[in-house]
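>>> 3D, please:
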Amino acid sequence: MSVELVCPYCRFSKRISEKKIPEAAKMAICPRCHRKFPLSGANGTDGLSERKPPETAETETSGSPTDAEGETGGTPWERRADLGLLSGIFLTFKNALFRPGALFGARNQPGGYREPLAFGLLVGGVGDMLAFFWPVLLFSLGLIPFGDTVSAHLGGVWILFTLMVGIPLAVILNMFFYSGILHLMLLMVRGGTEGYQSTFRVVAYSQAALAWNVIPFMGGWIATVWRLVVQVIGLHEIHHTSYARVIVAFLLPFFILFALIIIAMGPLLMLLF
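I've put the predicted structure just below:
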């Protein structure tokens, strides 16, 4: 006989045979949002209160750091006190890059700017430093025309100032400003249902894609496209809106800019034709 387990948080469901459910199981962990829920309330069947699926189950005496992800909600980075700093960063990287739907799709997303800002500043700063490193290296080696002249002006003090002050400041301002413009576009298409804070959350955690800047030359292009994909999926999940609205919100600034150019050039075109 098979039973259906339903996560009460993200409504993910899965049918599984009762024979595969361990006898000592009391809690399950949703494979999508990673939050724990009691088996007795998973599908309305009280007879499952002592059982759970082996792939999502957790006994009272055992458990791994990754199983603890669903206890308090939020991203692994926000639960690094329980998971450990390195585990929190690694799991957030992995989910942001390869499972953004699960990262942003869980209900009851934590509020506040501090944690997303800290993660975005950390990974975005490192990613931008990598992007800055490769051109400086090529200039220093003279592999780019006028590289000797440029490297002469890029003294050690200016490089250090850029790395320690300029890049972190630019990352912070970019996240807030970009999130503001993006959320305004979402509001125009009626897609920003969860507020600016949720949009900022997606933008901040999507900075994980800048890790691709470690690849010389092509890393920047890969990071840009990858971050855009993460943001589209993340905004779709966190705002509970359609992909069409999210994509239109991204394209809307280009339409507005094109319209402004046409309006500005209107008198000139009238004079010419």
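>>> gap between stretch 174-187 and the chain center?
With CA atoms, centre = their mean, to the nearest Å as the basis, stretch 174-187 stands 15 Å off its chain's centre.
>>> pull out the buried residues from it.
175-176, 179, 182-183, 185-186 (16 or more other CB atoms under 10 Å). Placement of C-beta: from N, CA and C, glycine included.
>>> repeat for stretch 18-30
21, 25-30.
>>> which among the residues you listed gets closest to Ala259?
Closest approach to Ala259 among the buried residues of stretch 18-30 (CB to CB): Cys30, at 45.0 Å.
>>> my guess is that closest one contacts Arg11, does it?
No - using CB atoms under 8 Å, Cys30 is not in contact with Arg11; the gap is 9.5 Å.
>>> by contact count, what packs against the lengthiest helix in the chain?
The longest helix of the chain (DSSP state H) is helix 243-272. Where contact means 3 or more CB pairs under 8 Å, 6 or more residues apart in numbering; DSSP states H and E, helix 243-272 is packed against helix 167-188, helix 219-238.
>>> give me the contact list for the first one.
Around helix 167-188, the neighbours that count as contacts under CB atoms under 8 Å, 6 or more residues apart in numbering are 117, 120-121, 124-125, 128-129, 132, 192, 195-196, 199-200, 203-204, 207, 231, 235, 239, 241, 245-246, 249-250, 252-253.
>>> selecting buried members of these in ChimeraX, what would you type?
Buried subset of these, written as a ChimeraX selection, criterion 16+ other CB under 10 Å:
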select :117,120,121,124,125,128,129,132,192,196,199,200,203,204,207,231,235,239,241,245,246,249,250,252
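>>> rewinding a little: so which of the helices and strands packed on helix 243-272 is nearest Phe104?
helix 219-238 (4.2 Å).
>>> taking helix 167-188 as reference, get the angle to that closest one.
The directions of helix 219-238 and helix 167-188 differ by 40 degrees, with axes from the mean of the first three to the mean of the last three CA atoms, to 10 degrees as the criterion.
>>> so how far is Leu39 from the closest residue to Ile233 other than its chain neighbours?
Among residues not flanking Ile233 along the chain, Pro100 sits closest, at 4.4 Å (CB to CB, 6 or more residues apart in numbering). Distance, Pro100 to Leu39, by CB to CB, to the nearest Å: 28 Å.
>>> count the neighbours of Cys7 for me.
Cys7 has 24 neighbouring residues, counting by other CB atoms under 10 Å.
>>> with distance to Arg80 and mean pLDDT added, can I get the helices and strands packed on helix 243-272 in TSV?
TSV is the format used below for these (distance: least, CB to CB, whole Å; pLDDT from 0 to 100):
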stretch	distance to Arg80	mean pLDDT
helix 167-188	20	92
helix 219-238	20	92
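>>> quick one, which of those helices is nearest to Val6?
Proximity to Val6, assessed across those by CB to CB, is greatest for helix 219-238 (18.6 Å).
>>> and the closest one, what does it pack onto?
Going by 3+ CB pairs under 8 Å, 6+ apart, helix 219-238 lies up against helix 85-98, helix 100-105, helix 114-140, helix 167-188, helix 196-205, helix 243-272.
>>> count of neighbours near the closest residue in space to Ser198 that isn't next to it in sequence?
Counting by CB to CB, 6+ apart, Ile238 is the residue found nearest to Ser198 once chain neighbours are left out, at 4.7 Å. Residues within reach of Ile238, counting by other CB under 10 Å, total 23.
>>> equivalent analysis for Gly111, please.
11.
>>> spit out the contact partners of it.
Gln197.
>>> where does the prediction get shaky in the stretch 1-150 of the chain?
1, 10, 32-34, 40-73, 107-108, 132-150 (pLDDT under 70).
>>> circling back to that earlier point, nearest to Ser2 among the buried residues of stretch 174-187?
Using CB to CB, these come closest to Ser2 at Leu186, 40.9 Å.
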